[in-house]
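Colleague: Model the structure of this input:
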Amino acid sequence: MDIEERFIRDIEVLNSYNSDALGFTGFPEGLYRPQNKGEVIEIIKWANDCKKCLTPVALRSSTTGSCVAEKGFLISSEKFDKILDVNFEKKIVSVEPGVNLGEFKKFIEENGFFFPPDPTSENECTIGGCVSTNASGARTLKYGPFRNWVTGLEIVLPDGKDIYLSRKVSEKNCAGYFGFQNPIDFFIGSEGTLGFITKVELKLIDKIDKFYAMFLPFRSEKDAILFCREIRANNLDVRCLEYFDSNCVKLLKEKRDDFKINGDFLIFMEFEVGQKDEEKLFDFWLLFFEQNNVLVDDILVAETCSQKKKLKEFRHFIPSTINEISNKFILEGGGKISTDWAVFIDDLLSTIEHFREILNIYGFNRENVFCFGHVGNGHPHFNLITKNGYEKDRMLSAVENISEYVCKIGGTITAEHGIGKVKKRFLKYYYNHMTFEWVKNFKRELDPNLIFSPGNIFDLGELNG
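Modeller: Just a heads-up that it's a prediction; the model follows:
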């Protein structure tokens, strides 16, 4: 059968693949669902020869449009869903990119090990998608993003050649230019623009025997942020610090009958016990809480698995509910705008206050602003619900304003979700002209026909220019 005849072109099927978590849509000509590396190589060679565009797609939990096709064809990793090799002695696992992250983590923990990355969408995303976006999550504070856990990648490049890259593990390395000492890192976070991943090798650690999760209430946003800054300043051993502003807390109270936590501003915190004396550990934390404006009488502590699961549900309920609310306004040209900027922890409070001032200047209703996320890393998510195209345009201008600001103080415009198709306008604040030319030249070198993921990170006009 001719390759073009293998593409699925049924409109109903294509429509089911043609949007991400925020309803960003594309224009795919067809869909290909290869079952093995040989098929992937064949289709990529064909696409390169014919100059047909390919956009890798998985479970479509992206919030930046990176998984939808601006033109050309979708190539899905869904049939690549096997755990290939497990070496628990070396704590290394090889998997195909279509393996569901949540199911993988359950399998690992059932065997006495732990895989730390925990993006909010872990039950709705694949390992390949996480590699492509360098996903992270709440526990990034202690364990870092997905990149830290990838030890090997098998990739089919845009010319159809397959390569395997493994991570160099020496503590010191002076072998040439820094970025090229571990070329695997070029592909982690590349958002499908440099090839198709066919295998991922991951490292594990021993399962954590005991940890506690808790919601800590505060009287103000300032108290909550300064609390996190004190933890970082004192190098205290916690694995996540997540923030919920008063609008997020109000949403939980309105939508969840089982949410019984007092306080208008909350920090979700986890810490591991390990070999420490548990009683002394709790005495230490109680004193620290009292000294840093935690409303100690209203702290909610989770110790059992079911209690911890419930607290995590509350944390994950926020973004999923905001998505549901915002998607109602897509047809009117509105929807959710989510910021992904991050700054140094010492600059976090002033940056949050500055952005709230910007939103006021642009006339945005505070009731439609929800701030939550990874403040322990200086990485809050502002979720702005816009009801029409006019509001959306104004809020994008406000986000551009804060993007310029955070880059000037050494921050980043995206710390977890990537650029995709929706944040390209902000890259000019992060990269100077010369550096961005280097990035574009690297893309052109690996993909001279520009077939992979058109519209992700770059506009085609920029690459052709």
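Colleague: And the helices in the stretch 351-465 of the chain, which stretches?
Modeller: 389-408, 427-430, 433-446, 460-464 (DSSP state H, counting those that start in this stretch).
Colleague: would you list those helices in CSV and tack on mean neighbour count and distance to Glu4?
Modeller: To be clear about C-beta, it is placed using only N, CA and C from the backbone, and glycine gets the same treatment. Shown next, in CSV, are the helices of the stretch 351-465 of the chain (neighbours: other Cβ atoms under 10 Å; distance: least, Cβ to Cβ, whole Å):
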stretch, mean neighbour count, distance to Glu4
helix 389-408, 18, 37
helix 427-430, 18, 34
helix 433-446, 13, 25
helix 460-464, 12, 22
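Colleague: Which of those helices sits closest to Thr140?
Modeller: helix 389-408 (17.9 Å; Cβ to Cβ).
Colleague: where among the helices of the stretch 351-465 of the chain is the average confidence lowest?
Modeller: The minimum mean pLDDT among those belongs to helix 460-464 (a mean of 79).
Colleague: contact partners of that one?
Modeller: With Cβ atoms under 8 Å, 6 or more residues apart in numbering as the contact definition, helix 460-464 has outside contacts at 440, 443-444, 450, 454.
Colleague: Same check on stretch 276-292?
Modeller: For stretch 276-292, contacts defined as Cβ under 8 Å, 6+ apart pick out 216, 223, 226-227, 230, 236, 271, 273, 296, 299.
Colleague: Just the CA atoms of that stretch, as PDB, please.
Modeller: Provided in PDB are the C-alpha atoms of stretch 276-292 (Å, rounded to 0.1, in the frame of the first residue of the first chain):
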ATOM      1  CA  LYS A 276      14.900  11.500  60.700                       C
ATOM      2  CA  ASP A 277      13.300  11.400  64.200                       C
ATOM      3  CA  GLU A 278       9.700  12.000  63.400                       C
ATOM      4  CA  GLU A 279       8.800  13.700  66.600                       C
ATOM      5  CA  LYS A 280      11.700  16.100  66.400                       C
ATOM      6  CA  LEU A 281      10.900  16.800  62.800                       C
ATOM      7  CA  PHE A 282       7.300  17.800  63.600                       C
ATOM      8  CA  ASP A 283       8.500  20.000  66.500                       C
ATOM      9  CA  PHE A 284      10.900  21.800  64.200                       C
ATOM     10  CA  TRP A 285       8.200  22.400  61.600                       C
ATOM     11  CA  LEU A 286       5.600  23.600  64.100                       C
ATOM     12  CA  LEU A 287       8.000  26.200  65.400                       C
ATOM     13  CA  PHE A 288       8.900  27.200  61.900                       C
ATOM     14  CA  PHE A 289       5.200  27.600  61.000                       C
ATOM     15  CA  GLU A 290       4.600  29.700  64.000                       C
ATOM     16  CA  GLN A 291       7.500  32.000  63.200                       C
ATOM     17  CA  ASN A 292       6.400  32.400  59.600                       C
END
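Colleague: List the buried residues for that stretch?
Modeller: For stretch 276-292, the neighbour count (16 or more other Cβ atoms under 10 Å) marks 281, 285, 289, 292 as buried.
Colleague: Arg139 versus the last one, what's the distance?
Modeller: Between Asn292 and Arg139 the distance is 22 Å, computed by Cβ to Cβ, to the nearest Å.
Colleague: who does the helix or strand hosting Glu109 touch, helix- and strand-wise?
Modeller: Glu109 is part of helix 101-110 when elements are defined by DSSP states H and E. Here helix 101-110 touches helix 127-133, going by 3 or more Cβ pairs under 8 Å, 6 or more residues apart in numbering; DSSP states H and E.
Colleague: Tell me where the stretch 301-450 of the chain has strands.
Modeller: Ranges of strands within the stretch 301-450 of the chain are 335-338, 369-374, 379-386, based on DSSP state E, counting those that start in this stretch.
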